[in-house]
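requesting a structural model of the entry that follows:
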Amino acid sequence: MSRLIAQKLFTKQSMAPSLLCIRSYHPIAKDFVKPITIEPLTYTTDSLQSKVLDHCLSNNVPKYGFKEKSIVESIKQLELSPSLVSVLGASNSPSFVHSSPAVLELIKYHLVTKRYELTKDIPQENIDHNNGLPSLEELLVKRLQMDIPIGSQLTDLFAQLSMPSQFLMETALPELLNLADDMIYFSNEKDHFDMAWYTKRLGVAFTYVASKLFMAQDISPNFVETMNFAHEKLNNVMKLGDYYNNTEEFAWYTLMVSVNLIKSQLSRN
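Below is the predicted model:
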């Protein structure tokens with residue numbers, strides 16, 4: 001059984017099977033293998049596509065944002081053929097806001113590779129023996145810190161991620177759940193094998209979303225207020241999760257609060 005219940009909180013039951021996550025109900029090591037191709041990317045980490053997108057994230061997204069200009073600039077700087085931009089996002093359809101397939105691939109690459117980078121240095125033996133693992137809070141803060149270089153571009157990123165689209169349902173939401181799953185699996189957080197499995201992951205996922213929304217508006221030095229907010233939010237959510245243990249109420253509570261927060265934050269932009 002995959003994360004079907006968690007996905008149904010976001011999608012209709014009639015949604016295509018490709019939208020459902022394929023990980024097991026309980027943690028299994030094979031679900032977290034670190035391959036040279038990181039799904040849902042369709043190319044390897046040493047491919048030309050990865051080279052261009054990685055260069056783009058490091059050098060041009062902080063300046064130009066998640067836009068086609070960032071990709072074009074990277075292609076120029078790497079002295080590659082301009083035609084490459086037309087094939088980078090060949091597997092994507094244009095979004096509701098007319099983001100090009102290449103831009104969607106850039107966003108996807110950002111989400112997937114940062115999730116992978118978050119836990120790539122944690123040895124499997126530490127997980128097997130539940131020894132020397134970071135706390136859930138440490139992983140959450142580490143993931144937020146990864147986006148400090150693109151802090152000024154987060155509002156634009158959220159605007160593109162939040163638009164109803166095929167990309168939202170097939171990439172953005174599944175990646176959010178995968179990130180929450182990874183943060184729990186690779187941390188010293190106690191896991192569950194009942195309804196709390198779903199509620200905990202939803203709680204962590206929306207703690208991350210709320211923290212990123214806060215980060216998009218944060219003007220404190222080095223986003224220190226965002227890190228404080230994330231600490232407090234995670235602490236409150238995990239306590240509430242314990243209070244509603246083994247029930248669906250916590251999942252719906254977290255969903256409704258987070259959706260309202262997203263709407264209120266985006267309406268200010």
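
hang on, isn't residue 229 packed against residue 213?
No: contact between residue 229 and residue 213 fails when scored by C-beta atoms under 8 Å: they sit 9.7 Å apart. In this view, the C-beta of every residue, glycine as well, is placed from N, C-alpha and C.

what helix or strand is residue 141 located in?
Here residue 141 sits within helix 136-146, counting by DSSP states H and E.

for that helix, list every residue counted as buried.
When neighbours are counted by 16 or more other C-beta atoms under 10 Å, the buried residues of helix 136-146 are found to be 136, 137, 139, 140, 141, 143, 144.

helices or strands next to the very next helix or strand once past it in the packing?
Downstream of helix 136-146, the first helix or strand assigned by DSSP H and E is helix 154-162. On a contact count with 3 or more C-beta pairs under 8 Å, 6 or more residues apart in numbering; DSSP states H and E, helix 154-162 meets helix 101-119, helix 195-217, helix 249-266.

quick check: angle from helix 154-162 to helix 101-119?
Relative orientation of helix 154-162 and helix 101-119, computed by axes from the mean of the first three to the mean of the last three C-alpha atoms, to 10 degrees: 110 degrees.

for the spatially most central residue of the chain, list the residues it contacts.
The chain has residue 176 as the residue nearest its centroid, 4.0 Å off, counting by C-alpha atoms, centre = their mean. Neighbour list for residue 176: 205, 208, 209 [criterion: C-beta atoms under 8 Å, 6 or more residues apart in numbering].

out of these, grab the one that's most surrounded.
residue 205 (24 neighbours; other C-beta atoms under 10 Å).

tell me which element residue 233 falls in.
Using DSSP H and E, residue 233 falls within helix 224-243.

and the contacts of that helix?
Contacts to helix 224-243, defined as C-beta under 8 Å, 6+ apart, come from residues 136-137, 140-141, 144-145, 196, 199-200, 203-204, 206-207, 210-211, 214-215, 218, 220, 250, 253-254.

buried among those? Make that a PyMOL selection.
Here is the PyMOL selection string for the buried members of the contacts of helix 224-243, based on 16+ other C-beta under 10 Å:
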select buried, resi 136+137+140+141+144+196+199+200+203+204+206+207+210+211+214+215+218+250+253+254
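
my guess is residue 201 contacts residue 184. True?
Yes: using C-beta under 8 Å, residue 201 is in contact with residue 184, at 6.5 Å.

more neighbours: these two, which one.
With neighbours defined as other C-beta under 10 Å, residue 201 and residue 184 compare such that residue 201 has more, 25 against 21.

not counting sequence-adjacent ones, nearest residue to that one?
residue 180 (4.5 Å; C-beta to C-beta, 6 or more residues apart in numbering).

does the one you found belong to a helix, a strand or coil?
Judged by DSSP: H, G, I helix; E, B strand; the rest coil, the three-state class of residue 180 is helix.

what sits against it?
201, 202, 204, 205, 208.

verify the stated contact: the third one with residue 184.
Yes: the pair residue 204 / residue 184 is scored as a contact, 6.3 Å apart, by C-beta under 8 Å.

what touches both of the two?
residue 136.

show me the shaky parts of this structure.
1-35, 93-98, 192-195, 240-269 (pLDDT under 70).

how's it carved up into domains?
Domains of the chain are assigned by automatic domain parsing as 1-27+133-269, 34-121.

now the helix or strand in which residue 70 is found and helix 101-119, what's the angle there?
Using DSSP H and E, residue 70 falls within helix 68-77. Calculated by the same axes, to 10 degrees, helix 68-77 forms an angle of 80 degrees with helix 101-119.

buried residues in the helix or strand just after helix 68-77?
Using DSSP H and E, the next helix or strand after helix 68-77 towards the C-terminus is helix 85-88. For helix 85-88, a neighbour-count test (16+ other C-beta under 10 Å) marks 85, 88 as buried.
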